[in-house]
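Undergrad: this one's sequence-less:
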């Protein structure tokens, strides 16, 4: 079994590199890549692991991946990609016995990638450094959907906080893990958006917590540098955070 999982880890890394080159090439050519990227992943994965189920954003979900299999977002941030904005990602996760044990996210344009292995931390590659200490001015990412649903968030956070919206949930999660973003909140995410990112944040020492009784796929996360922002984000919720599941540390992560 250990040999089998090691083979799947190697395959995930190789697939991430292959898909990252594809979506970058299509970006530079001004062409779409969503379906082509997922089709390629399914082809190379089924050739090597014909019994492994796969769930993806573009070509459908296999319910068996709730227990075992691959979860892929072949191009997260496709609107940015289609408009010539170089902020998008490829996200791949592998689940075993109901737990996500491998997660990969790449930033194809910058040539950067991050890998998480359950219980073993994260590995990064590329030209951008891990931010190992808090910055003087906190930076938070909030999706427009989250801001609309939680209009009072600003009242509970530091007055000098900077806010950003990237347009790629996977990349936002990677940047929380790397400490570039101190905190983030998402609303109405899908499994392919977050499967890899939840594990990556956890293995980086950060926290990603689901909001119970919130909207589908609602999460609040903080980097390892700025966990003190978590209770402040929790207080933004209408129930003052009683619905924030600070114990689960993210679903299946």
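TA: Cool, got the structure. Everything numeric in this text was worked out from a predicted model, so none of it was measured.
Undergrad: Every contact and neighbour count from this point should use C-alpha atoms.
TA: Will do.
Undergrad: outside of stretch 147-158, which residues touch it?
TA: Defining contact as C-alpha atoms under 8 Å, 6 or more residues apart in numbering, one finds that stretch 147-158 is touched by 138, 229, 232-233, 235-238.
Undergrad: most surrounded residue in those residues?
TA: Neighbour count (other C-alpha atoms under 10 Å) singles out residue 233 as the most crowded of those, with 23 neighbours.
Undergrad: Tell me who's in contact with it.
TA: The contact partners of residue 233, taken as C-alpha under 8 Å, 6+ apart, are 153, 156-157, 220.
Undergrad: Filter those residues down to the ones in strands?
TA: When DSSP state E defines the strands, the subset of those inside them is residue 220.
Undergrad: Out of the contacts of residue 233, flag the one nearest to residue 50.
TA: Of all those, residue 220 has the smallest distance to residue 50: 36.1 Å, by C-alpha to C-alpha.
Undergrad: And the closest one, how far from residue 103?
TA: For residue 220, the distance to residue 103 equals 19 Å [C-alpha to C-alpha, to the nearest Å].
Undergrad: cool, and residue 112?
TA: 14 Å.
Undergrad: Which of the two has more residues huddled nearby?
TA: It is residue 103, of residue 112 and residue 103, that has more neighbours when counted by other C-alpha under 10 Å, with 31 against 18.
Undergrad: secondary structure element for that one?
TA: Assessed by DSSP states H and E, residue 103 sits inside strand 99-107.
Undergrad: what sits against residue 193?
TA: Listed by C-alpha under 8 Å, 6+ apart, the contact set of residue 193 reads 73, 76, 91, 169-170.
Undergrad: go again using 6 Å as the cut-off
TA: residue 170 (C-alpha atoms under 6 Å, 6 or more residues apart in numbering).
Undergrad: Mind pulling up the pLDDT for it?
TA: Note for residue 193: predicted pLDDT of 93.
Undergrad: Next, count neighbours for the spatially closest residue to residue 220 that is not a sequence neighbour.
TA: Excluding the flanking residues, the one nearest residue 220 by C-alpha to C-alpha, 6 or more residues apart in numbering is residue 185, at 4.4 Å. Neighbourhood size, residue 185 [other C-alpha under 10 Å]: 25.
Undergrad: in the helix or strand of the chain with the lowest mean pLDDT, what counts as buried?
TA: Lowest on mean pLDDT, DSSP states H and E among the helices and strands of the chain sits helix 144-149, with a mean of 79. Of all the residues in helix 144-149, those buried under the rule 16 or more other C-alpha atoms under 10 Å are residue 146.
Undergrad: What of stretch 48-68?
TA: 53-58, 61, 65-68.
Undergrad: Save those as a markdown table, and put in distance to residue 37, secondary structure and pLDDT too.
TA: Below are the buried residues of stretch 48-68 laid out as a markdown table (distance: C-alpha to C-alpha, whole Å; DSSP: H, G, I helix; E, B strand; the rest coil; pLDDT from 0 to 100):
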| residue | distance to residue 37 | secondary structure | pLDDT |
| --- | --- | --- | --- |
| 53 | 17 | coil | 97 |
| 54 | 14 | strand | 98 |
| 55 | 13 | strand | 97 |
| 56 | 10 | strand | 96 |
| 57 | 11 | coil | 94 |
| 58 | 9 | coil | 95 |
| 61 | 16 | coil | 95 |
| 65 | 19 | helix | 96 |
| 66 | 22 | helix | 94 |
| 67 | 24 | coil | 95 |
| 68 | 21 | coil | 96 |
